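# heads up, no residue letters with this:
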């Protein structure tokens, strides 16, 4: 929201329109239990993606911490 995106010709377009034109056919949306990534926000993004013909994958995260903490620990 509030950001402007431009295609390769310098024409202003929505992010999802630009991604679709360049071959993106699926969006993955993560829903967290807190913060800006709520189900309401996910539905808005999903509707925008569907409007340009993309498929939608929604991941529900039931924790607000990383489940794979071992990736961040140096052994």
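Nice, I can see it. The shown structure was predicted, so the numbers you read here are calculated from the model rather than taken from an experiment.
# The most centrally placed residue in the chain pairs with what?
When CA atoms, centre = their mean is applied to the chain, the residue found nearest the centroid is residue 29 (4.6 Å). Taking DSSP bridges as the rule, residue 29 bridges to residue 58.
# For the lengthiest helix in the chain, buried residues please.
Taking DSSP state H as the criterion, the chain has its longest helix at helix 39-51. Neighbour counts over helix 39-51 (16 or more other CB atoms under 10 Å) mark 42, 45-46, 48-49 as buried. No exception for glycine: its C-beta is placed from N, CA and C like everyone else's.
# Rank those by pLDDT and give me only the lowest.
Within the buried residues of helix 39-51, residue 42 has the lowest pLDDT, namely 89.
# just for the protein, where's the confidence low?
Counting by pLDDT under 70, the chain has low-confidence residues at 1, 63-75.
# where do the helices sit along it?
So, for the chain - with DSSP H - the helices run 15-21, 39-51.
# I'd like these as TSV, with distance to residue 9 appended.
Below are these laid out as TSV (distance: least, CB to CB, whole Å):
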stretch	distance to residue 9
helix 15-21	10
helix 39-51	21
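# Residue 3: which of those is closest?
helix 15-21 (7.7 Å; CB to CB).
# That closest one packs against which elements?
If you count contacts as 3 or more CB pairs under 8 Å, 6 or more residues apart in numbering; DSSP states H and E, helix 15-21 packs onto strand 5-6, helix 39-51.
# wait, what's in contact with the residue nearest to the centre of the chain?
42, 45-46, 56-59 (CB atoms under 8 Å, 6 or more residues apart in numbering).
# Alright, I will stop here.
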